[in-house]
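Chemist: heads up, no residue letters with this:
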């Protein structure tokens, strides 16, 4: 609980909750890993992020939270090949977390596609908003 | 809130909280990554794990939580070289999380040590309990 002395303390407090990340995208897609990156809307003060990752079939769910970081990207490792995943990103502010970004879908490569793609996917976006 | 019909319902509920992971160790240590692995005490039913990672100097903190997984290991990526980290692991059960394991300390390699070590560190433990 945060106590505010101002007349409009509560309003002030709510305004400290950062806006959700934008431009969430997935790059460097492989059979077993991918990189999620995003942007912070201008003027937002954030101290970290949270990424939720789940298989579209409802199996393994992962939640990653980092604070005291300026990173705007996160590697997702140990993924299953040829599998659909859904991710969402939140910004972490001093007084709370943002709403979640839009849901982003991506599908990992088959292992046989992996070698071929490693020379091609630098910076290419391989996801879509759902 | 979980309602139990048994006379000793509360006692039963508390016993469902799993025991903490044991034999937590760090292997495959590099300049920018490491693998944390652990064991589950016999007889425990766990559905996931949570790993907390923090730099010893108090900077970047990371929390990773996975459910619906049988994995007993987790890769820590994007670490800083030649830096001290402290980790703890919890087991996730159906009705709650275990207490945290003992704190484990490790120090990442310098980049110059990286190449030399990659042929040597397979399975070697490179951490200590603090």
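Modeler: Received, thanks. It should be emphasised that the depicted structure is a prediction, and the values quoted were computed from it without experimental measurement.

Chemist: mind checking how far residue A:79 is from residue A:30?
Modeler: Using Cβ to Cβ, to the nearest Å, residue A:79 is found at 8 Å from residue A:30. All C-beta atoms are positioned from the backbone trio N, CA, C, and that covers glycine.

Chemist: Dihedrals phi and psi, residue A:70?
Modeler: Main-chain torsions, residue A:70, degrees, to the nearest 10: phi -100, psi 10.

Chemist: What number of residues are in the vicinity of it?
Modeler: 10 (other Cβ atoms under 10 Å in any protein chain shown).

Chemist: Name the nearest residue to residue A:107, sequence neighbours excluded.
Modeler: Spatial nearest neighbour of residue A:107, chain neighbours left out: residue A:84 (5.0 Å); criterion: Cβ to Cβ, 6 or more residues apart in numbering or on different chains.

Chemist: number of nearby residues for that neighbour?
Modeler: So residue A:84, with other Cβ under 10 Å, has 13 neighbours.

Chemist: need the contact list for it.
Modeler: For residue A:84, the contacting residues are A:55, A:56, A:57, A:105, A:106, A:107, by Cβ atoms under 8 Å, 6 or more residues apart in numbering or on different chains.

Chemist: just those now: which is nearest chain B?
Modeler: The closest of the contacts of residue A:84 to chain B turns out to be residue A:55 (Cβ to the nearest Cβ; 8.4 Å).

Chemist: residues in chain A within reach of chain B, list them.
Modeler: Taking Cβ under 8 Å from any Cβ of the partner chain as the contact definition, chain A meets chain B at A:58-69, A:71, A:75, A:77-78.

Chemist: Out of the residues you listed, which end up buried?
Modeler: Buried members of these, counted by 16 or more other Cβ atoms under 10 Å in any protein chain shown: A:60, A:61, A:62, A:63, A:64, A:65, A:66, A:67, A:69, A:75, A:77.

Chemist: among those, which are in strands?
Modeler: Of these, the ones assigned to strands by DSSP state E are A:61, A:62, A:63, A:64, A:65, A:66, A:67, A:75.

Chemist: Now list the buried members of the contacts of residue A:84.
Modeler: A:55, A:106, A:107.

Chemist: Would you reformat those as CSV and include secondary structure and pLDDT?
Modeler: CSV is the format used below for those (DSSP: H, G, I helix; E, B strand; the rest coil; pLDDT from 0 to 100):
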residue, secondary structure, pLDDT
A:55, strand, 95
A:106, strand, 97
A:107, strand, 97
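
Chemist: which among those residues gets closest to residue A:16?
Modeler: Closest approach between these and residue A:16, by Cβ to Cβ: residue A:106, at 31.7 Å.

Chemist: Residues in a beta bridge with the closest one, which ones?
Modeler: Counting by DSSP bridges, residue A:106 is bridged to residue A:85.

Chemist: do the same with residue A:52
Modeler: Here residue A:52, judged by DSSP bridges, has bridge partners residue A:63, residue A:88.

Chemist: And the pLDDT at it?
Modeler: We have a pLDDT of 98 for residue A:52.

Chemist: Ok, the one 10 residues further on next?
Modeler: Taken from the predicted model, the pLDDT recorded for residue A:62 is 97.

Chemist: ok, it to residue A:82 distance?
Modeler: 18 Å.

Chemist: and what of residue A:49?
Modeler: Distance of residue A:49 to residue A:82, given as Cβ to Cβ: 27 Å.

Chemist: Those two - which one has more neighbours?
Modeler: Neighbours were counted for residue A:49 and for residue A:82 using other Cβ under 10 Å; residue A:49 has more, 25 against 13.

Chemist: Is the more buried one in contact with residue A:88, as I believe?
Modeler: No - counting by Cβ atoms under 8 Å, residue A:49 stays clear of residue A:88, with 10.8 Å between them.

Chemist: circling back to that earlier point, what's the most distant pair in the ones in strands among the buried ones among the residues of chain A next to chain B?
Modeler: Using Cβ to Cβ, these reach their maximum pairwise distance at A:61 and A:67, which is 20.6 Å.

Chemist: Alright, I will stop here.
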